[in-house]
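> For reference, the sequence and a predicted model appear below.
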Amino acid sequence: MTSIVLFGVGSSIVVEYEESCRRLGYPVAAVKNRPGPGYFGDLERLVDVGAIPPAVLSAPCLCPMFTPRHRFTAHEEALAAGFGFAGALLDPTAIVASSSTFGTGTFVNAGGVVGAKTIVAEHVVINRGAAIGHHVEIAAFASVGPGVVVGGHVTIATGVLIGAGAVLLPKVHVGAHAVVGAGSVVVADVPAGATVLGNPARIVEPAVGRA
């Protein structure tokens, strides 16, 4: 069975990736890319970024960070270190339509539901118990928090962060690098770079780009 390497252990979500790998029967190693504490449980299989053994470097990796910016940074560091990326990691408890597609490096956590004809791009995180409707499009490096409900025909652009328990009504569009606050109910399109909160969700910051 192919090993999976988790590149970066400073985010607490690393333990969720670790558990999903174990449920699927994948041996797991991890690379510590920052000083300080980490969350990876198997310390015997934790290596420092400055001393990666060839056997670890040859395995495909995932970048277990929930925040899009942090995941993108880890992605660039992993590439620079010589890693390739694993295909989508779909927890065996997730319910995923056979007609939906998932890009490289994407993670669907335990209890996630992804409806039919949905397209999920590269390096997306769909966290515990999130429910994604049919004909949804989620672009690269987006993050969907625990318990989020996304209606049908929603589009979520690159680098969007959706907080826990938010609801996106059908056919809305969330622009690139926008933030949807936890528990918000999105009833209209969200501009790129905006932060929205509340029920109904309203902009609380100017719509400015987030690199």
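Done, it's in.
> Are we agreed that residue 99 is in a strand?
No - using DSSP: H, G, I helix; E, B strand; the rest coil, the assignment for residue 99 is coil, not a strand.
> Next up, the contacts around it.
Going by C-beta atoms under 8 Å, 6 or more residues apart in numbering, residue 99 touches 116-117. To be clear about C-beta, it is placed using only N, CA and C from the backbone, and glycine gets the same treatment.
> And it, how far from residue 149?
20 Å (C-beta to C-beta, to the nearest Å).
> so where's this protein shaky on pLDDT?
Confidence mapping of the chain against pLDDT under 70 gives the ranges 1, 205-211.
> all helices of it, in order?
14-24, 54-57, 68-81 (DSSP state H).
> and the first one, what does it pack onto?
Okay, so that is helix 14-24. Helix 14-24 sits against strand 4-7, strand 28-32, strand 89-90, strand 107-108, with contacts defined as 3 or more C-beta pairs under 8 Å, 6 or more residues apart in numbering; DSSP states H and E.
> can you list contacts of the last one?
Okay, so that is strand 107-108. Taking C-beta under 8 Å, 6+ apart as the rule, strand 107-108 contacts 16-17, 20, 62, 64, 88-91, 94, 96, 102, 114, 120, 124-126.
> Strand partners (parallel or antiparallel) of that strand?
Partners of strand 107-108 in the sheet, by DSSP bridges, are strand 89-90 (parallel), strand 125-126 (parallel).
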